[in-house]
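In: A structural model of the following input is requested.
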Amino acid sequence: MATVAACRALIMFLVSIAFSINGVWSKSFIINNNCEYTVWPGILSGAGSAVLDSTGFELAPGQSQTLSAPSGWSGRLWGRTLCSTDGTGKFTCVTGDCGSGRQDCAGSGAAPPATLAEFTLDGSGGMDFFDVSLVDGYNLPMLVAPQGASPGAGNCAPTGCLVDLNGACPADLRVTAASASPASGGGVGGAGVACKSACEAFGSAQYCCSGEYGSPSTCKPSSYSQFFKNACPRAYSYAYDDATSTFTCAGGDTSYVITFCPNTNSVKSSSPGLPLINNTMTYFGANQISAAAGAARPQQPLLGVLLGVVLLAFTRALY
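Out: Numbering: from 1, shown residues only. Just a heads-up that it's a prediction; the model follows:
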């Protein structure tokens with residue numbers, strides 16, 4: 001009898017561990033590189049949020065990596081391009097560099113311009129909040145697609161900027177690289193590699209939504225922010241572009257698939273004009289979004305599997 005009681009106590013202990021782990025690490029970011037060049041994702045946790053398993057790594061074309069996220073995590077993810085290591089071992093990137101001198105960003109954010117995916121998990125009302133922001137400029141196409149969310153929960157839909165804007169970027173916002181290493185997958189000298197925000201390019205309060213322009217009533221879209229908005233209607237184009245740019249999903253086990261260059265025809269090259277864009281969003285059909293989301297699904301943690309095996313064995317022993 002004592003043996004049975006001890007077994008039951010152990011089962012309850014293991015169950016409590018399993019539920020604890022599932023509650024703490026309940027979400028995942030599945031990061032896919034669909035570009036024809038290498039991308040080095042960077043991750044920055046917000047103040048008070050735990051650091052994820054990695055803060056930066058290399059993702060070759062076609063590769064994918066999954067990161068677990070704790071409940072309540074907030075932060076941002078982005079892609080760095082045209083990266084290389086010099087003779088002293090210092091790692092730098094032409095776009096999105098985080099200044100750490102290494103592949104991991106170690107608590108540093110992206111140097112603008114960079115396309116950003118921003119998240120607050122399990123926020124107000126238990127909802128996840130997410131967006132793709134071009135407020136700090138743009139460096140590559142990105143799609144964020146929720147996976148496994150409750151049907152009809154919030155404004156739970158894919159968002160992002162699916163087109164390559166570097167070739168069409170206005171001349172006074174365009175960032176070019178005089179030369180690019182073939183090893184880093186870059187284009188040719190003089191081609192656009194990123195597109196600045198008007199705030200970064202000109203530094204005025206009007207474009208930065210600061211000073212007397214520091215409120216939604218005084219800071220309005222500019223012709224420059226409209227360039228981004230017309231191309232990517234669901235992405236943030238300036239600081240107060242909330243109404244059409246923030247998305248929410250019910251909290252729980254939702255995963256978020258982040259895909260760089262979601263359009264399979266996307267290449268980092270100069271383009272004479274913008275791709276065809278409809279009045280809402282240049283999204284794929286549902287089957288293509290599902291395929292992108294399913295390209296890499298989070299695997300059940302090994303510890304969870306082991307706990308399940310142990311619980312099953314003890315349960316059988318009891319009965």
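
In: which non-adjacent residue is nearest C219?
Out: What sits nearest to C219 in space, not counting adjacent residues and going by CB to CB, 6 or more residues apart in numbering, is C209, at 3.8 Å. To be clear about C-beta, it is placed using only N, CA and C from the backbone, and glycine gets the same treatment.

In: Now for that neighbour: which residues touch it?
Out: Contacts for C209 (CB atoms under 8 Å, 6 or more residues apart in numbering) come out as C199, C219, Y238, A239, Y240.

In: what's the most distant pair in these?
Out: Using CB to CB, the contacts of C209 span at most 12.5 Å, a distance reached by C199 and Y240.

In: These two: who's more crowded?
Out: C199 (23 against 20; other CB atoms under 10 Å).

In: Which elements pack onto the strand of greatest length in the chain?
Out: Counting by DSSP state E, the longest strand found in the chain is strand 74-85. The contact analysis (3 or more CB pairs under 8 Å, 6 or more residues apart in numbering; DSSP states H and E) places strand 74-85 against strand 27-33, strand 40-45, strand 91-95, strand 116-120.

In: and A194, which of the ones you listed is closest to it?
Out: That would be strand 91-95 among the helices and strands packed on strand 74-85, by CB to CB, at 4.5 Å.

In: quick one, that closest one and strand 74-85 angle?
Out: Using axes from the mean of the first three to the mean of the last three CA atoms, to 10 degrees, the inter-axis angle of strand 91-95 relative to strand 74-85 is 110 degrees.

In: Where does pLDDT dip in the stretch 201-319 of the chain?
Out: By pLDDT under 70, the weakly predicted segments of the stretch 201-319 of the chain are 264-319.

In: how about 90 then?
Out: Segments of the stretch 201-319 of the chain classed as low confidence (criterion: pLDDT under 90) are 242-244, 250-254, 263-319.

In: For it, just list every one of the strands.
Out: Applying DSSP state E, counting those that start in this stretch to the stretch 201-319 of the chain gives strands spanning 247-250, 255-260.

In: which one of these is the most hemmed in?
Out: strand 255-260 (a mean of 25; mean count of other CB atoms under 10 Å).

In: contacts for it?
Out: Strand 255-260 is touched from outside by 27-35, 39, 41, 59, 77, 79, 117, 119, 130, 140-148, 292-293, 295-298, with contacts defined as CB under 8 Å, 6+ apart.
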